[in-house]
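K.L.:
Turn this into a model:
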Amino acid sequence: MSSVDLHTHYSYQIMLPEAIAIVMAPTDTSSPHGIFHLSDPGGVSIIRNCEQRGFHPHEEPSDGTPIYEHCSHVFMNPKIQFDVVDLR
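P.N.:
Sure thing, here's the model as predicted:
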């Protein structure tokens, strides 16, 4: 996830801890999508204390965890039918 993605997702995850970020990479044939969240407390703390804007690097959390990680609480079921609605 980019630094802009991390800062955007931070706001959602603070309001709803189980919030996820779905990242699409259609040109990456090995992994066209990923489902992530900020590590907590490590990644959440790094982003909370960051005042930079735009694209920029972040330090690694002091507890050794990554800033974000794959969600272990999300399960993919190809048989579920759903509609995607863009509310922008």
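
K.L.:
Now do the strands in the protein.
P.N.:
Taking DSSP state E to define them, one finds strands in the chain at 21-24, 33-38, 68-70.

K.L.:
could you say what helices and strands the shortest one packs with?
P.N.:
Based on contacts counted as 3 or more C-beta pairs under 8 Å, 6 or more residues apart in numbering; DSSP states H and E, the elements that strand 68-70 packs against are strand 33-38. Backbone N, C-alpha and C define where each C-beta goes, glycine included.

K.L.:
Quick one: low-confidence residue ranges for this protein.
P.N.:
The chain contains no residues with pLDDT under 70.

K.L.:
Need the residue in it that's farthest from the chain's center.
P.N.:
Residue farthest from the centre of the chain, counting by C-alpha atoms, centre = their mean, is K79 at 24.7 Å.

K.L.:
re the thing from before, a markdown table please, covering the strands of the chain and showing mean neighbour count and distance to Y10.
P.N.:
What follows is these, written out as a markdown table (neighbours: other C-beta atoms under 10 Å; distance: least, C-beta to C-beta, whole Å):
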| stretch | mean neighbour count | distance to Y10 |
| --- | --- | --- |
| strand 21-24 | 14 | 10 |
| strand 33-38 | 19 | 6 |
| strand 68-70 | 16 | 10 |
